[in-house]
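Novice: How does the following fold in three dimensions:
(chains A and B)
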Amino acid sequence: MEPLMAVAIGILFAAAIYMMLRRSIVKLVIGLMLLSNAANLLIFATAGLRRGAPPLVPEGLSAPEAAVADPLPQALVLTAIVIAFGVLSFAVVLIRRAWEIVRADDLDKMKDTDT
Amino acid sequence: MNPEIALPVLIPMMAGAVSLVFWRSRLMQRLVAVGGTAGLLGTSVWLLASVSRDGILVMQMGGWVAPFGISLVADLLGAIMVVLTGIIGFAVAIYSLATIGRGHEAFGYFPLMHLLLAGVAGAFLTGDIFNLYVWFEVMLVASFALLTLGSEKAQMEGAIKYVTLNLLSSVIFLIAVGLLYGMVGTLNMADIARRLGGLEDQGMVDVLAMMFMVAFGIKAAAFPLFFWLPASYHTPPVAVSALFAGLLTKVGVYALYRVFTLIFHHSPGYTHEILLWGAGLTMLSGVLGAAAQYEFRRILSFHIVSQIGYMILGLALFTPLAILGGVFYIAHHIIVKTNLFLVSGIVYRLGGSYRLEKLGGFYRSHPWLAVLFLIPALSLAGMPPLSGFFAKFIVIRAGVEAEAYGVTAIALVVGLLTLYSMIKIWAEVFWKATPAEGDVDPYPEVRQRELWLMVAPVAGLALCTLYIGLNAEPIHALAAASAAELLDPTRYIEAVLDAPGEVSP
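Specialist: Residues are numbered from 1 along each chain as shown, chains lettered A, B, ... in the order given. Have a look, this model is predicted:
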């Protein structure tokens, strides 16, 4: 399972970087979306992909009886997904406003503020 | 329990929530802005006082013991940074009363400002690496919205670069945190530091160190990924520029200081050598970029980049004196840089432009403004007896003592070029005759009350600069204590992991 995941994550990263290198701002944002998803999958995979008992503590004990799955990476990924959702929805609104104002979908036409 | 650790985060958050409740009341939002930032300043001074009296303070969120829950940790560096956040927040809040237009206020300028301050303070106080990521995002989302508020063409163009590069750096940071967790199985920074020492695979540790360096380097606007900063910082209203200039890049610098003194200090021959050359090139590219500019805020933006180089230089040399210099430099720089941006805003309000060639004659018409400009400008260039002199002197002396002559020479040359840029602004804006009325934007007459609201924070920050310069001894002692703490990570680790916390079932 792990090698397959590694290849999939690698492909996602490659696709994300390819999209981000395009001049169109829409493709740039698609690249950012792919990038954050690739990062989430990577965190998910680093903790190890294996089956384990749910990390629940039985009543009356202070620790679970047997080995359990590590719930923390899932919590991290969940937080990261929520944050990425918020930030990327901002980015989508931003490119729409930018298109309305600049009237261009081309990063080469957006260099007035560069020097 | 020490409530002062959590208050610098809670107060701006509460103030933001309260000003959201008063969405339609302009007066209430303004009152909350001043009151909230004043509260932040007050509690941050309280925090610094308790930290310098009692040592590192730790608070375990929810009563969970250290490596399991999220710890808030206030060591001297964090407390100093929070005090600076308070000073800048208060000054900018007062300045905003006069300069932020009604349109901006109606679309939530003040709640966003509070949220930004909460994010910055949270980043300075957290002891958990994933929590640091979350605070970075809180800060970033608020800064995105502040940057684009107003939707002018330049703002949109600047914001696309700003958003893209900052998201990229966040993703790199997140990946690095994930891999680090995969290696050591903990997110508490003190626990990570303790476990990394015993790890066999030091090659992977170096890889992670580089990922953190790239992620924080982008946020700190270090070479080679600094170009989002001069492309965007001159586009929003000046109060927003000043807030960003003072605080945002410095959060990146703080994160570099935290991570490379606490966690990745095992192979300084590799990581800190790269930081050293990064610092040199950052200084040089920033100052050369500024030399080519003829717009007030663009010059200042490029100078942020070059000054970041000095701070990273202090970290990269990694001697007690260098770290001391770096901390001193951060304290001096935050105040001076914000002040210069605020002065540029006053010049814009009175002269109607940021372009140097359209301005002139301010020494004749507003001599007091000339004085208020000269104090931070000469301080930035490192003229004695102002604060910048001591900051530069300590860093450069540390460079000579560490026998890093190449980078030290760059630092000296950059100091000279900084003076050149400041003199250029002085000659163009203040010294030369007022240019003939051309296409300067017609600007409404400035009311007296408005002018006072703009001048008061500038004068206050200038007094802070003078205070640091003329009374450098206590600040120096504070920075020295902070450097000693940073170079001895066991103190941080013991404070966090041995801190009492109620064990919850």
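
Novice: Assumed residue B:62 was part of a strand.
Specialist: No: Residue B:62 sits outside any strand when classified using DSSP: H, G, I helix; E, B strand; the rest coil, being helix.

Novice: ok, and the closest non-adjacent residue to it?
Specialist: residue B:69 (5.6 Å; C-beta to C-beta, 6 or more residues apart in numbering or on different chains). For glycine as for every other residue, the C-beta is placed from the backbone atoms N, C-alpha and C.

Novice: tell me the contacts of that neighbour?
Specialist: B:60, B:61, B:62, B:63, B:501 (C-beta atoms under 8 Å, 6 or more residues apart in numbering or on different chains).

Novice: try 6 Å this time
Specialist: Neighbouring residues of residue B:69 by C-beta atoms under 6 Å, 6 or more residues apart in numbering or on different chains: B:60, B:61, B:62.

Novice: center of chain A, which residue is that?
Specialist: Geometric centre of chain A, nearest residue: residue A:36, 2.1 Å, by C-alpha atoms, centre = their mean.

Novice: what's whichever strand or helix holds that one in contact with?
Specialist: Counting by DSSP states H and E, the element that carries residue A:36 is helix A:25-46. Helix A:25-46 is contacted from outside by A:5, A:9, A:12-13, A:15-16, A:19-20, A:73, A:76-77, A:80, A:84, A:88, A:91, A:95, A:105, B:167, B:171, B:174-175, B:178-179, B:182, using C-beta under 6 Å, 6+ apart.

Novice: Whichever of the residues you listed end up buried, select them in PyMOL.
Specialist: Only the buried entries of these go into this PyMOL selection, using 16 or more other C-beta atoms under 10 Å in any protein chain shown:
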select buried, (chain A and resi 9+12+13+16+19+20+73+76+77+80+84+88+91+95+105) or (chain B and resi 167+171+174+175+178+179+182)
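
Novice: Next, the contact list for residue B:81, please.
Specialist: Residues near residue B:81 by C-beta under 6 Å, 6+ apart: B:124, B:254.

Novice: so where does it fall, helix or strand?
Specialist: Using DSSP H and E, residue B:81 sits within helix B:76-99.

Novice: now that helix: mean pLDDT?
Specialist: Average pLDDT, helix B:76-99: 95.

Novice: can you tell if the top helix by length along chain A touches chain B?
Specialist: The longest helix of chain A (DSSP state H) is helix A:72-102. Yes: contact between helix A:72-102 and chain B, assessed by C-beta under 6 Å from any C-beta of the partner chain, occurs at A:80, A:83, A:90, A:91, A:97, A:98, A:101, A:102.

Novice: Low-confidence stretches in the chain?
Specialist: If you meant another chain, say so; for now it's chain A. Within chain A, the ranges that satisfy pLDDT under 70 run A:115.

Novice: Chain B was what I was after
Specialist: Across chain B, the ranges flagged by pLDDT under 70 are B:1, B:437-444, B:499-505.

Novice: can you give me the strands in it?
Specialist: According to DSSP state E, chain B carries its strands in the segments B:57-60, B:71-74.

Novice: With only the CA atoms kept, save the last one in PDB.
Specialist: Pointing back at strand B:71-74 there. Only the C-alpha atoms of strand B:71-74 are listed here, as PDB (Å, rounded to 0.1, in the frame of the first residue of the first chain):
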ATOM      1  CA  SER B  71       1.500  24.100  25.600                       C
ATOM      2  CA  LEU B  72       1.700  27.900  25.500                       C
ATOM      3  CA  VAL B  73       5.300  28.800  26.300                       C
ATOM      4  CA  ALA B  74       6.600  32.300  27.000                       C
END
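
Novice: ok, and what's touching it?
Specialist: Taking C-beta under 6 Å, 6+ apart as the rule, strand B:71-74 contacts B:5, B:47, B:51, B:57, B:58, B:59, B:60, B:125, B:127, B:496.

Novice: Look up how far residue B:49 lies from the closest residue to the second one other than its chain neighbours.
Specialist: It refers to residue B:47. Nearest residue to residue B:47, sequence neighbours excluded (C-beta to C-beta, 6+ apart): residue B:4, at 4.4 Å. Distance, residue B:4 to residue B:49, using C-beta to C-beta, to the nearest Å: 9 Å.

Novice: The two: who's more crowded?
Specialist: residue B:4 (22 against 13; other C-beta atoms under 10 Å in any protein chain shown).

Novice: Quick one, which of the contacts of residue B:69 are buried?
Specialist: residue B:60.

Novice: still on that earlier bit, and the buried ones among the residues of helix A:72-102 next to chain B, selectable in ChimeraX?
Specialist: Typed into ChimeraX, the line below selects the buried ones among the residues of helix A:72-102 next to chain B, using 16+ other C-beta under 10 Å:
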select /A:80,83,90,91,98,102
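
Novice: residues contacting residue B:148?
Specialist: By C-beta under 6 Å, 6+ apart, the residues touching residue B:148 are B:155, B:159.

Novice: Counting neighbours, what do you get for residue B:52?
Specialist: Residue B:52 has 15 neighbouring residues, counting by other C-beta under 10 Å.

Novice: Sweet, I'm off.
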